[in-house]
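**Student:** The following block contains a protein sequence and its predicted model.
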Amino acid sequence: SAKSRGRSGLCFYNRLLNSAAVERLRLEAALRRALERGEIDVHFQPKVDRAGRPLSFEALVRWHSPEFGAISPAVFIPIAEDTGQIEPITEFVLARACRLACTWPHELAVAVNLSPRLFYSGELCRRVERALATSGLAPHRLELELTEGILMEKNMKAVEQLQALKALGVRLAVDDFGTGYSSLAYLRRFPLDILKVDKSFVGNSTPDSSDAILVRAITSLGRELGLTVVAEGVETRAQWDFLRQAGCDEFQGYLFARPLPAEQTLEWLKQYPDSGYQAPHALPRAL
Ligand code: C2E
Ligand code: MG
Ligand code: MG
Ligand code: MG
């Protein structure tokens, strides 16, 4: 009867909900212990110039849980944001990234992703400053990647924090550009240096697709504004050729390298005895 169907349907639905909620709680609990148990690691993916020479690496956090296996940061970062774990995790990634970058030749830079949630406490700037001081990394060699979300906030606190970060001498990047809100006003309002075109546009950008039109438009907009334009998710030679023609400055993707364990970065760099790194990235020495 309809009644029993309804009841069993509801029951099934509840069970699904419950198992999702329980799963989430188990993940939260595991994540809370992941750092101290040494389950969190950082991989590094190179960015290259128009000639294919390395310029920098992006730090990408990894979690390998004995209970759940490898979990994507796309899954656990949002959980870490909700539970507050994002703060110690970011501190860990920042410290690892700065320390490793000090071992690279040619003053290569390192990029660290910052989640919007970090802008709600006033600690961010102090944390970045501490990571720089502890490692001895020159500030111009650190890039901080922000998502559009934080830039949309009509939140003066966020603007102030970005200006304070900028005053440390680090470079600021907008990540995944084009996937958030489409207002462009903040590109001028915020002290940005780098614009990363989201890989969802790059992936389908055969020369006459609509994504190609978007990539060209985003790239010229970025360049007009004096920003360094980075294309992420470059997987094929054809994509790289197109993106270079579109005017992108830097490139990141499986075509050049997958994200590498820290120990493999120096080995990978040996293929490039001279890097594309150029002093113009450096800021004038602080007064
Ligand atoms: P993202 O910052 O946009 O990083 C680029 C993502 O694209 C990485 O995924 C990278 O592994 C992947 N990728 C690189 N090249 C290619 C390619 O050629 N093709 C394709 N299909 N994908 C490519 P990953 O490592 O899974 O990270 C996902 C996202 O998680 C990152 O996106 C970033 O938003 C976030 N994330 C990673 N590490 C951190 C972190 O330390 N802190 C914060 N707050 N977020 C992080
Ligand atoms: Mg990023
Ligand atoms: Mg990105
Ligand atoms: Mg992305």
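**Tutor:** Ah, there it is. Numbering: from 1, shown residues only. Ligands and ions are numbered 1, 2, ... in the order given.

**Student:** measure the closest residue to ligand 3 within the chain to residue 190 for me?
**Tutor:** Closest to ligand 3 within the chain is residue 175: 4.1 Å, counting by CB to the ion. Where you see a C-beta, it was placed from the backbone N, CA and C, and this is true even at glycine. Residue 175 sits 13 Å away from residue 190, going by CB to CB, to the nearest Å.

**Student:** When those two are compared, which one has more neighbours?
**Tutor:** residue 175 (23 against 17; other CB atoms under 10 Å).

**Student:** Not counting its own residues, what contacts the one helix or strand that one maps to?
**Tutor:** Assessed by DSSP states H and E, residue 175 sits inside strand 171-177. If you take CB atoms under 8 Å, 6 or more residues apart in numbering as the criterion, strand 171-177 is touched by 109, 111, 113, 140, 142-148, 151, 162, 165-166, 187, 190-198, 218, 222, 230, 232, 281.

**Student:** The helix or strand following that strand: which residues count as buried?
**Tutor:** Next helix or strand after strand 171-177 toward the C-terminus (DSSP H and E): helix 186-189. For helix 186-189, a neighbour-count test (16 or more other CB atoms under 10 Å) marks 186, 187 as buried.

**Student:** Run through who's touching helix 186-189.
**Tutor:** Helix 186-189 has contacts (CB under 8 Å, 6+ apart) with 148, 151, 152, 159, 174, 195, 221, 222, 225, 227.

**Student:** Whichever of the residues you listed end up buried, select them in PyMOL.
**Tutor:** To isolate the buried ones among the contacts of helix 186-189 in PyMOL, judged by 16+ other CB under 10 Å, type:
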select buried, resi 148+151+159+174+195+222+227
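
**Student:** so of the contacts of helix 186-189, which ones are in helices?
**Tutor:** When the contacts of helix 186-189 are checked against helices (DSSP state H), the matches are 148, 151, 152, 159, 221, 222.

**Student:** Pipe the residues you listed into TSV and attach distance to ligand 1 per row.
**Tutor:** Below are the ones in helices among the contacts of helix 186-189 laid out as TSV (distance: CB to the nearest ligand atom, whole Å):
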residue	distance to ligand 1
148	11
151	15
152	16
159	20
221	19
222	16
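
**Student:** ok, for residue 229, nearest residue in space, not its chain neighbours?
**Tutor:** Excluding its sequence neighbours, the residue lying closest to residue 229 (CB to CB, 6 or more residues apart in numbering) is residue 222, at 4.2 Å.

**Student:** thinking again about what came up before, just the contacts of strand 171-177: which are in strands?
**Tutor:** Here DSSP state E is the test, and those give 109, 111, 113, 142-147, 194-197, 230 as lying in strands.

**Student:** Any stretches of the stretch 51-200 of the chain with poor pLDDT?
**Tutor:** By pLDDT under 70, the weakly predicted segments of the stretch 51-200 of the chain are 153-155, 181-183.

**Student:** For it, what lies in contact range of ligand 2?
**Tutor:** When proximity is defined as CB under 5 Å from the ion, the stretch 51-200 of the chain approaches ligand 2 at 113, 145, 175.

**Student:** quick one on the thing from earlier: mind pulling the model confidence for the residue nearest to residue 229?
**Tutor:** pLDDT recorded at residue 222 is 93.

**Student:** go on, the one 3 residues further on?
**Tutor:** With respect to pLDDT, residue 225 has a value of 92.

**Student:** For ligand 2, see how far away the residue nearest to residue 229 is.
**Tutor:** Here the criterion is CB to the ion, to the nearest Å. By it, residue 222 lies 16 Å from ligand 2.

**Student:** contacting residues around that residue?
**Tutor:** Applying CB under 8 Å, 6+ apart, we find residue 222 in contact with 177, 187, 195, 197, 228, 229.
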